[in-house]
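# I would like to see how this sequence folds:
(one chain, ligands or ions: 1)
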Amino acid sequence: KTLHVDIKDVLGTVSQDEINKLDANAASALDKVLNGTGAGSDFLGWVNLPTETTDALLDDIVATAESLRRDCDTVVAIGIGGSYLGAKAVIEALSDSFAAYRPAEQGTPKVLFAGQNIGEDYLYELQDYLKDKRFGIIVISKSGTTTEPAIAFRLLKEQLERQLGLEEARKRIVAITDAQRGALRRLATEEGYKTFVIADNVGGRYSVLTPVGLLPIAVAGFDIRALIDGAAEMEKMTNSADASNPAYLYAETRNALYQAGKKTEILVNYNPKLHFFGEWWKQLYGESEGKDNLGIFPAAVDNSTDLHSMGQWIQEGERTIFETVISVGESKHEKLIPSDEANLDGLNYIAGKHVDEVNKMAELGTRLAHVDGGVPNILVTIPALEEKYLGQLIYFFEKACGISGYILGINPFNQPGVEAYKRNMFALLEKPGYEKETEAIKARI
Ligand code: PA5
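As a prediction, the model looks like this:
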């Protein structure tokens, strides 16, 4: 049982021959990822990360998680972008859908997130919620200077010190950042926090399988060893330059579709637990490929919910889209549809069936309808929503993203465009050092 990619439902739009025209380009792109011969090769630390993750590191993360689980009823993971979305995606995928509404259990803290927005109400309400909680903080920032998490950390650090006293607060703060550089590293050293390092050669959006993702996931009570094992399996399955390599197959196929005019890719799930996986994927592909006026626009829908909102557009709107469906083999729990003698709702025709069987027919019916409607479809199947298969899925998409970016001809590992809003924001806020920009931007408004 393993992740599987099926591209037969794109062949009505691009033929196998058209896809194969990209073979040489795709092989060269894979070589750039594996051998570091392309642009951005300083950021390929994620490629062999699963097989090179040491037991000592995993033991340290698990021990740190255990100590937070013992001492805290709530742990706030502070971070944004790649320092947030991976942990959020995995925790949501593995958690009980109603975990937030159940009473906290001893030894299983609630994991909340902050620093992923600048919402005043969000921060006010979070602090209000935390005022009678035994909380801890995992503060994550590779650069150590990102404004959103820095604001959240300043607020929560001050609150924790007030609630617990300085010494106790320090024991419940873990910082994950660069080994040497950045304000967060300086602060962590000064305060004596437990720290983990984000390696220089792993970019934020490729960092979920480092302590950045692993520590919050372990605090939430999930098996990070199984996650890494799954990723390591996928690492070994994605090294050949042919269609037996699922990452190569996906990367090549989506580029063939892009060249055929399919400018938007919609990642589709049929399991509400995968909503944030779609958010993680959007960052990975959007930030990696959207540059030099190129790049597939990554969108995502949660079905069948969104069939009742976006379904019309997807079925009959402008034909510039394709879909990648994540299909999950088995549900975790069983729920059968009961029979009802009166049958006033007319549902007896599905009585006795698993809810998931109905969901699977919605999935199959939709895929066929969308293919008929001119929306090509890549199918990615995983056996179940479990740590091992999520590890496979994460690594699969990371590897495919590197290959795909090189096929496209861009550097998949930088994000120069993210700086533009920061420069304007700093100028508007009159940050020291931005005096000229402040003057220029004020003249515009
Ligand atoms: O992928 C990226 O590099 C970004 O999304 C970063 O993860 C994000 O901007 C947060 O950066 P940092 O971890 O330095 O605070």
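# how many neighbours does residue 43 have?
By other CB atoms under 10 Å, the residues close to residue 43 number 21. Just so you know, the C-beta spots here come from the backbone N, C-alpha and C atoms, and that holds for glycine as well.
# My understanding was that it contacts residue 207; is that so?
No: contact criterion CB atoms under 8 Å: residue 43 and residue 207 do not qualify, at 10.4 Å.
# Residue 389 and the ligand: what is the separation?
24 Å (CB to the nearest ligand atom, to the nearest Å).
# contacting residues for that residue?
Residue 389 is in contact with 2-3, 230, 382-383, counting by CB atoms under 8 Å, 6 or more residues apart in numbering.
# Going by neighbour count, which of those are buried?
Neighbour-count burial (16 or more other CB atoms under 10 Å) applied to the contacts of residue 389 gives 3, 230, 382.
# mind checking how far the second one is from residue 3?
So that's residue 230. 9 Å (CB to CB, to the nearest Å).
# Output the contacting helices and strands for whatever helix or strand residue 312 lives in.
Take DSSP states H and E as the rule and residue 312 turns out to sit in helix 311-316. If you count contacts as 3 or more CB pairs under 8 Å, 6 or more residues apart in numbering; DSSP states H and E, helix 311-316 packs onto helix 355-372.
# Any buried residues in the helix it packs on, and which?
Quick answer for helix 355-372 (16+ other CB under 10 Å): 356, 359-360, 363, 366-367, 370-371.
# among the residues you listed, which two are most distant?
356 and 371 (22.2 Å; CB to CB).
# Give the residue spans of the stretch 251-400 of the chain that score low on pLDDT.
For the stretch 251-400 of the chain, no stretch has pLDDT under 70.
# which residues in it form strands?
For the stretch 251-400 of the chain, applying DSSP state E, counting those that start in this stretch gives strands covering 264-269, 297-302, 321-330, 377-384.
# Out of the contacts of residue 389, which two sit at the greatest distance?
Top of the distance list for those (CB to CB): 230 and 383, 10.6 Å.
# rewinding a little: and of the strands of the stretch 251-400 of the chain, who's closest to residue 109?
Per CB to CB, nearest to residue 109 of the strands of the stretch 251-400 of the chain: strand 377-384, 25.4 Å.
# mind listing what's buried in the closest one?
So strand 377-384, judged by 16+ other CB under 10 Å, has buried residues 377-382.
# cool, stretch 437-445 as well?
Those would be 437-438, 441, for stretch 437-445 by 16+ other CB under 10 Å.
# Quick check: helices, which of these are part of them?
437-438, 441 (DSSP state H).
# ok now do the spatially most central residue of the chain, which residues does it touch?
Centroid-nearest residue in the chain, with CA atoms, centre = their mean: residue 280, separated by 2.4 Å. Residues in contact with residue 280 (CB under 8 Å, 6+ apart) are 85-86, 88-89, 208.
# nearest to residue 242, of those residues?
The closest of the contacts of residue 280, once distances to residue 242 are taken by CB to CB, is residue 208, at 27.2 Å.
# Let me see the contact set for the residue in the stretch 101-250 of the chain positioned nearest to the ligand.
Proximity of the stretch 101-250 of the chain to the ligand (CB to the nearest ligand atom) peaks at residue 204, 2.2 Å away. The contact partners of residue 204, taken as CB under 8 Å, 6+ apart, are 81-83, 142, 212.
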